[in-house]
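Asks: following is a predicted model, sequence given first.
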Amino acid sequence: MKPNAKSIRSDRLDEASEEINLSIQEITKRNKLIRFADKNQAGWAAVDEYQSDKLAEDSEDDKKLRAAKKRALAKIKATKSAKYKK
C-alpha cells in the first residue's frame, strides 16, 4: 500500500494517518511471515500452508503455525521421495 501524498499535502491528516496505519499493519504481517519462513525447515512452503488457512491472531495461531509447518514438511518429503523413485 502506498500512502497518498495528496492527503498529506491537502491537510487531510485523518486520511493520511489511516493510510499510514494500514501500511504499518501490512508490513507487520509481512515481517511475521518472513520470520516464520526463516525459522523453520519448510521455509516458504510452510508460509503458503499457513496463509491458505488465513492469518489468525488469536489463541489458535500457534496451533495453526505448527500444523502448517507439519503439512509443508510432509509435502517437501513427498516431493523428494517421488524424485528418487523415478
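Replies: Yep, that arrived.
Asks: CA atoms for contacts and neighbours, from now on please.
Replies: OK.
Asks: so which residue is dead centre in the protein?
Replies: Leu33 (3.5 Å; C-alpha atoms, centre = their mean).
Asks: settle this for me: that one is touching Ala46, isn't it.
Replies: No. The pair Leu33 / Ala46 is not scored as a contact, 9.4 Å apart, by C-alpha atoms under 8 Å.
Asks: any stretches of the chain with poor pLDDT?
Replies: Applying pLDDT under 70 to the chain flags the ranges 1-10, 52-59, 85-86.
Asks: switch the cut-off to 80
Replies: 1-11, 49-62, 64-66, 82-86 (pLDDT under 80).
Asks: now do the helices in it.
Replies: With DSSP state H as the criterion, the chain has helices at 5-9, 13-39, 44-52, 61-85.
Asks: please identify the deepest-packed of those helices.
Replies: Most buried of these, by mean neighbour count (mean count of other C-alpha atoms under 10 Å): helix 44-52, with a mean of 19.
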